[in-house]
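K.L.:
Take this sequence and fold it.
(one chain, ligands or ions: 2)
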Amino acid sequence: MSQGTGAGLFISLEGIDGSGKSTQARLLAEALQASGHEVVLTREPGGSPGAEEIRRLVLEGAPDRWSAETEILLFTAARRDHLERTIQPALAAGKVVICDRFADSTRVYQGVSRGDLRPIVDQLHRLMIGREPDLTLLIDMEPAKGLSRALGRQGNEERFESFGEGLQAQMRRAFLDLAAEFADRFRVIDGGRAIEAVAADVLDLVQSELGAAAARG
Ligand code: ADP
Ligand code: TYD
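P.N.:
Numbers count the residues shown, from 1 in each chain. Ligands and ions are numbered 1, 2, ... in the order given. Next up, the predicted model:
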C-alpha cells in the first residue's frame, strides 16, 4: 500500500507500558469523532478477531513460553491479519485509524529486549507488513512512573510488564532512538503531565497532520 496518498490517515501511539497510550488513543478518537471524522480505534497485538486470538497466546503465560524468534513471528502474524482485515479497509474508506502500538513496538520489545534481533524484525516487517504509520506519537515517560501505573491494573496480560524498571528504561531509550531514526513520522510527547495536557498536545499534532494531508490532496 502506498503511503501519503490522501486516503485516510494512519496514526500509531507508542511508549512503554503504562505511559498513557490507551487513554490518549481513546480521547483522540472521541475528539476527532466530535469534529466529524470517521475513526477506527484499534490496538496491537490484536485489532481483528484472528489477531486477538494471537494476543492471548503472546501475552498470557510464563515469560519464557516462546523463544524470541517465535515471538517475532507471532506478533508479525497478528499484525498481518490486523492490517488485512482492519487497517487497510479503513484507510481505503478514507477513515482515520488510531492504533495503540504498531511495528515500532516489535522493533523495541522483540528487537532489543532479548538480544539484538532488530535485523530479523526488520526483514520480516519488509516481507510481511511493508507499511509504516503516517504519524507516530511517542508518549515518553519515566519508567518508574509508567510501571507503577501499569502494575496498578489488574489482569493476566503481564508477560512484558514483569520486565521491571531496568528493562523498561532500556525500552524507553529504544523508543527515543527510533524517534530519531524515523524523525519524519515520529513526534515525542511528554507523558508525565496531566491527562488533559497530554491530550491537548496529541490533538494539536494530529490536527496539523490532517491539515498537511488535506493540503497534499
Ligand atoms: P498504556 O496504554 O500506555 O499502558 P494507559 O492509558 O492504560 O497506559 O494508562 C495506565 C494507567 O495510568 C491507567 O490507569 C490510566 O488511567 C492512568 N493514566 C493515564 N494517563 C495518565 C496521566 N497523564 N496521569 C495520570 N494517570 C494516567
Ligand atoms: P499493551 O496492551 O499495549 O500493554 P500496555 O497497555 O501495558 O502498554 O501491549 C501489551 C504488551 O505487548 C506490552 O507489554 C508490549 C508488548 N508488545 C510487544 O512485545 N511487541 C509488540 O509488537 C507489541 C504490539 C506489543
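K.L.:
Show me what counts as buried in stretch 129-136.
P.N.:
By neighbour count with 16 or more other C-beta atoms under 10 Å, stretch 129-136 contains the buried residues 129, 131-136. For glycine as for every other residue, the C-beta is placed from the backbone atoms N, C-alpha and C.
K.L.:
Name the nearest of those residues relative to ligand 2.
P.N.:
Nearest to ligand 2 among the buried residues of stretch 129-136, counting by C-beta to the nearest ligand atom, is I129 at 10.8 Å.
K.L.:
Quick check, the closest one in contact with D104.
P.N.:
No: judged on C-beta atoms under 8 Å, I129 makes no contact with D104 at a distance of 11.6 Å.
K.L.:
ok, is stretch 48-55 in contact with ligand 2 or not?
P.N.:
No: using C-beta under 6 Å from any ligand atom, stretch 48-55 stays clear of ligand 2, with a minimum separation of 8.0 Å.
K.L.:
pLDDT on that stretch, on average?
P.N.:
Averaging pLDDT along stretch 48-55 yields 98.
K.L.:
now do stretch 207-215
P.N.:
Mean predicted lDDT for stretch 207-215 stands at 92.
K.L.:
Could I get the buried residue list for it?
P.N.:
Using 16+ other C-beta under 10 Å as the test for burial, stretch 207-215 gives 209-210, 213.
K.L.:
In helices, which of those residues appear?
P.N.:
209-210, 213 (DSSP state H).
K.L.:
Quick check: what element follows the helix-or-strand element of the chain with minimal mean pLDDT along the chain?
P.N.:
Ranked by mean pLDDT, DSSP states H and E, the helix or strand of the chain with the weakest confidence is helix 143-151, at a mean of 83. As assigned by DSSP states H and E, the chain's next helix or strand after helix 143-151 is helix 165-181.
K.L.:
For the helix or strand just after that next one, name the packing helices and strands.
P.N.:
Sequence-wise, the next helix or strand downstream of helix 165-181 (DSSP H and E) is strand 186-190. Applying 3 or more C-beta pairs under 8 Å, 6 or more residues apart in numbering; DSSP states H and E, one finds that strand 186-190 contacts strand 135-140, helix 165-181, helix 195-216.
K.L.:
Go again with 10 Å.
P.N.:
Under the contact definition 3 or more C-beta pairs under 10 Å, 6 or more residues apart in numbering; DSSP states H and E, strand 186-190 sits against strand 9-14, strand 135-140, helix 165-181, helix 195-216.
K.L.:
that older thread, from the ones in helices among the buried residues of stretch 207-215, which is closest to ligand 1?
P.N.:
E209 (20.6 Å).
K.L.:
ok, now which ones touch the closest one?
P.N.:
9, 11, 96, 134-135, 137, 185, 187 (C-beta atoms under 10 Å, 6 or more residues apart in numbering).
K.L.:
ranking the residues you listed by neighbours, who comes first?
P.N.:
Highest neighbour count within the contacts of E209: L137, with 29 neighbours (other C-beta atoms under 10 Å).
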